[in-house]
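J.: got a predicted structure here, sequence first:
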Amino acid sequence: MRIATLGPAGTFSELAACEYGRQQTDYTLQFFPALGRVLKAIPNEADVAVVPIENIVEGMVSPVIDTFVKRPLEIVAELSIPVRFSLVANSPKPEKIYAQFVAQGQCSDCLGRYDVPIMNTASNSEALQLLLQSREPAAAVVPEHCLAQHHFDHVEHDITDYAHNETRFVAVREPQQQPPERDPAVAYKTSLLIVDDTDHPGLLVEHLQVFAGYRVNLTSLVSRPTGQKFGHYHFYLECEGHQDDSAIRAALTLIALRNRVVVLGSYPSSAGAT
Ligand SMILES: O=C(O)C(=O)C[C@]1(C(=O)O)C=C[C@@H](O)C=C1
C-alpha cells in the first residue's frame, strides 16, 4: 500500500502514517510538502493519505476539513498520537522563530515569551530544516523525537501548553463501492458533512434534535464557511456508531430531506471499544 503523508521525514504525520502502515500487510511512505498536496496524491500517487484532523488544544485542522467539503474522501481509520515539542535555537537570542501553523497554537505560552516574529511553515520538519539552513540567529519549534538526530546548543524541552497534548489523524482514500468490512466487536465512529444549500431559521437545531431523538451521540461538530456568502456554513460532524446502525441510518435519512448529507466513512474509534 502506498501511503501519502506530510513531509519531509520527521513529522508527526510520519509517525501516524507508519502506525497505520504497520496495521497493513505491506506499505511504502511518500512525503508531500503541504496537507493539500498530500490529499491530492490520492488516487494516482498513493492509495491512502494519513493527515491530521484535530488537535486536542487547537481543534480541527481547517485545510483538511475544507478539502473534504470540496472533494469528499472516504475516512477508513483514525489514530491518536501524543505530540511533544521543543524549542531549539542556534543562538541564545533568536531573532525569529520557525513554527508550523498548527504547532504554533500548541506552544503559545513559550512563544509568547519571545518578542520576535513567528515564521509559519507547512510542516514541523520544514521548520527544523529552515533553522538548520539559517545563518541568522533563529529558533524553531520541532517535534521532541527529532532531537536525537541533531545537536543544538540551545534547547527548551517540552514547550507544549498542555502535557497531555495529542493530535488525531485520519487515513483517507478515494471513495470505494465496497466499504471496509465491519467488525461487530469494534466501536465505530462515523464522519459526515451536512452541506448547507437551503439555509433557514433553526437549521442546526433541527438537525441536532434528530440526532438527539435517535440517541446518536455526536463527538464533534464544526462549521466551516462556504466561502459564498457571510452566514452560510457547512457542518462537519462525527458521531459514535456505524453508518449501517439503524439509528444513524434513520437520523441521516431525516436530515437528508432538508440538506445534503455526505457520509465520509465509518471507522474504528481510536478511543477503543466503548
Ligand atoms: O508538521 C507535522 O509534524 C505534522 O505532522 C502536522 C501537524 C498538524 O498539522 O496538526 C501534526 C501534529 C501536530 O498537531 C502539529 C502538526
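T.: Nice, thanks for sending it over. Remember, it's a predicted structure, so these values are computed and weren't measured experimentally. Numbers count the residues shown, from 1 in each chain.
J.: so what's the closest residue in space to Thr28 that isn't next to it in sequence up against?
T.: Distances taken as CB to CB, 6 or more residues apart in numbering put Arg2 closest to Thr28, at 5.6 Å, once the chain neighbours are dropped. For glycine as for every other residue, the C-beta is placed from the backbone atoms N, C-alpha and C. Residues near Arg2 by CB atoms under 8 Å, 6 or more residues apart in numbering: Tyr27, Thr28, Gln30, Glu45, Ala46, Asp47, Val48.
J.: so which bits of the chain are right by the ligand?
T.: Applying CB under 6 Å from any ligand atom, one finds that the chain approaches the ligand through 6, 11-13, 52, 55, 61, 83, 100, 102-103, 123-124, 143, 167.
J.: take those and keep only those in strands.
T.: Among the residues of the chain next to the ligand, DSSP state E puts Leu6, Pro52, Asn55, Gln100, Pro143, Thr167 in strands.
J.: of the residues you listed - the most surrounded one?
T.: Leu6 (28 neighbours; other CB atoms under 10 Å).
J.: who's that one bridged to?
T.: On the basis of DSSP bridges, Leu6 is bridged to Phe32.
J.: that one: what's it in contact with?
T.: So Leu6 contacts Ser13, Glu14, Phe31, Phe32, Pro33, Ala34, Leu35, Val38, Val51, Pro52, Ala122, Ser123 (CB under 8 Å, 6+ apart).
J.: and for Ile75?
T.: Taking CB under 8 Å, 6+ apart as the test, what Ile75 contacts is Val170, Ala171, Val172, Ser191, Leu264, Gly265, Tyr267.
J.: one more time with 7 Å
T.: In this structure, Ile75 makes contact with Val170, Val172, Ser191, Leu264, Gly265, Tyr267, judged by CB atoms under 7 Å, 6 or more residues apart in numbering.
J.: for it, give its distance to Asp161.
T.: Shown here: Ile75 relative to Asp161, a distance of 28 Å by CB to CB, to the nearest Å.
J.: then Arg215?
T.: Distance from Arg215 to Asp161, by CB to CB: 35 Å.
J.: quick one: which of the residues of the chain next to the ligand is nearest Arg224?
T.: Arg224 has its nearest neighbour among those in Val61, at 11.5 Å by CB to CB.
J.: so what's the residue count around the closest one?
T.: By the criterion of other CB under 10 Å, Val61 has 21 neighbours.
J.: I'd say it and Val38 touch.
T.: No - contact criterion CB atoms under 7 Å: Val61 and Val38 do not qualify, at 11.5 Å.
J.: could you count how many residues lie near the closest residue to Gly10 other than its chain neighbours?
T.: Nearest residue to Gly10, sequence neighbours excluded (CB to CB, 6+ apart): Ser125, at 4.0 Å. For Ser125, the neighbour count with other CB under 10 Å is 25.
J.: quick one: contacts for Ser125?
T.: Gly7, Pro8, Ala9, Gly10, Thr11.
J.: 6 Å - rerun?
T.: Pro8, Gly10, Thr11 (CB atoms under 6 Å, 6 or more residues apart in numbering).
J.: need the contact list for Ile42.
T.: By CB under 6 Å, 6+ apart, the residues touching Ile42 are Ala49, Glu174.
J.: show me where the stretch 101-250 of the chain has its strands.
T.: For the stretch 101-250 of the chain, the strands defined by DSSP state E, counting those that start in this stretch cover 118-121, 139-143, 154-156, 166-173, 188-195, 218-225, 233-240.
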